[in-house]
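Peer 1: Pasting the sequence and the predicted coordinates here, then a few questions.
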Amino acid sequence: MKISIILISLLLSLSSFAGTIVVDVLGMTCGMCQEAITKEVMATGKAEKVDVNLEKKTATVVEKKGQSLSDQEVKAAIKKAGYEGLKVSRSK
């Protein structure tokens, strides 16, 4: 019983860490692209920070603690901004 409580507490604490998502983005060329993608990803309400890098053609998203963005949600936000999200990679 005591071990179960410890394991549950540990799992809950791990799920509260923010994750980082990096998405390769097709079609970005300027600062307006950066602003549009940042605005749409932040509008999900699940992102703490968005960094769009034109040179690397990536968008890096830091999730809010306790929130989780699916690959589809991130790609949908990027598509709503007018671009295509390609490969998605994640880290904790």
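Peer 2: Yes, it's here.

Peer 1: ok now do the spatially most central residue of the chain, which residues does it touch?
Peer 2: Closest residue to the average C-alpha location of the chain: V61 at 3.6 Å, with CA atoms, centre = their mean. By CB atoms under 8 Å, 6 or more residues apart in numbering, the residues touching V61 are 20-23, 41, 47, 49-50, 69, 74. All C-beta atoms are positioned from the backbone trio N, CA, C, and that covers glycine.

Peer 1: Inside strands: which ones of the residues you listed?
Peer 2: With strands defined by DSSP state E, the entries of these inside them are 20-23, 47, 49-50.

Peer 1: State whether E55 is indeed within a strand.
Peer 2: No: read with DSSP: H, G, I helix; E, B strand; the rest coil, E55 is coil and lies in no strand.

Peer 1: On the pLDDT front, check it for me.
Peer 2: pLDDT for E55: 96.

Peer 1: Renumber starting at 854 from here on
Peer 2: Understood, numbering begins at 854; the last thing we discussed is E908.

Peer 1: which residues does it contact?
Peer 2: Taking CB under 8 Å, 6+ apart, we find E908 in contact with no residue.

Peer 1: could I get the contacts of V914 as CSV with neighbour count, distance to G938 and pLDDT?
Peer 2: What follows is the contacts of V914, written out as CSV (neighbours: other CB atoms under 10 Å; distance: CB to CB, whole Å; pLDDT from 0 to 100):
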residue, neighbour count, distance to G938, pLDDT
T873, 15, 15, 96
I874, 23, 10, 97
V875, 18, 11, 98
V876, 25, 5, 98
V894, 26, 10, 98
A900, 23, 14, 97
K902, 14, 17, 97
V903, 20, 12, 98
L922, 22, 11, 95
V927, 25, 6, 97
